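> A predicted structure for the sequence below; I have some questions about it.
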Amino acid sequence: MRTILILIFFTFIWRPIVAQNSAENPSQIYKNNELLTFSGLSFPAGVNGELFKNFKINYQFTEQNQFQLQHFYEKFGTFESTNTALLFKHHIAKNIYLFAGPEAVLGINQVNGSFESKQVNIFGGIGFEANTNLLLELGYKARTYNSTNTNFGNPAPTSVMLRASF
């Protein structure tokens, strides 16, 4: 009976503990080559129900070049924003890279479910990765489509942005 209770303990208690530890670390495939990597971050819900989540999938096809799929989700108040980008990155030095690619942004009103804004941007810039925990990017967004304007193809003002991840 004692053996059965110990077996039940390890089966039902030990596995969730191990699963929680492995879920907190970003999974990596081909760790030696870092050919394909996944990472994500989710902050706890804020006092007013704010949510912030993101994930990235990197595919390194040569030593200097990689593709990155990014997705950011934000919810605050009655507004949701989802942002998806497919970027091409070219490393010009060990920690410095250039990036460019298309980006789609949707703003959703949660009260009536309508899209408040739709944008398609061309995104480019330069990034500096000091280590795995510190990343700085200086970028330029050229908006090619903005649904808040009356006619298709009427671009919105462009913007310069600085992103940091640590």
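Perfect, thanks for sending it.

> show me where this structure has helices.
2-9, 15-24 (DSSP state H).

> under the pLDDT cut-off, which ranges of the chain? List them.
Low-confidence segments of the chain (pLDDT under 70): 1-34, 146-157, 164-166.

> what is the burial count for residue 160?
9 (other Cβ atoms under 10 Å). To be clear about C-beta, it is placed using only N, CA and C from the backbone, and glycine gets the same treatment.

> show me what it is bridged to.
Beta bridges link residue 160 to residue 140 when assigned by DSSP bridges.

> and it, how far from residue 128?
Counting by Cβ to Cβ, to the nearest Å, the gap from residue 160 to residue 128 is 16 Å.

> residue 64 now?
Residue 64 is 16 Å from residue 128, by Cβ to Cβ.

> and residue 55, by the same measure?
Distance of residue 55 to residue 128, computed by Cβ to Cβ: 22 Å.

> buried stuff in stretch 79-96?
Judged by neighbour count (16 or more other Cβ atoms under 10 Å), stretch 79-96 contains these buried residues: 80, 81, 83, 85, 87, 89, 91.

> ok, the third one - contacts?
It stands for residue 83. Neighbouring residues of residue 83 by Cβ atoms under 8 Å, 6 or more residues apart in numbering: 70, 71, 72, 73, 103, 104, 105, 106.

> any idea what it is bridged to?
residue 72, residue 105.

> same check on the last one?
For residue 91, the beta-bridge partners under DSSP bridges are residue 97.

> let me see the contact set for residue 163.
Counted by Cβ under 8 Å, 6+ apart, residue 163 has contacts 135, 136, 137, 139.

> pretty sure the first one sits against residue 128.
Yes - using Cβ atoms under 8 Å, residue 135 and residue 128 qualify as a contacting pair, with a distance of 7.4 Å.

> what's the burial count for the residue lying closest to residue 52 once chain neighbours are set aside?
Distances taken as Cβ to Cβ, 6 or more residues apart in numbering put residue 43 closest to residue 52, at 4.6 Å, once the chain neighbours are dropped. If you count neighbours by other Cβ under 10 Å, residue 43 ends up with 10.
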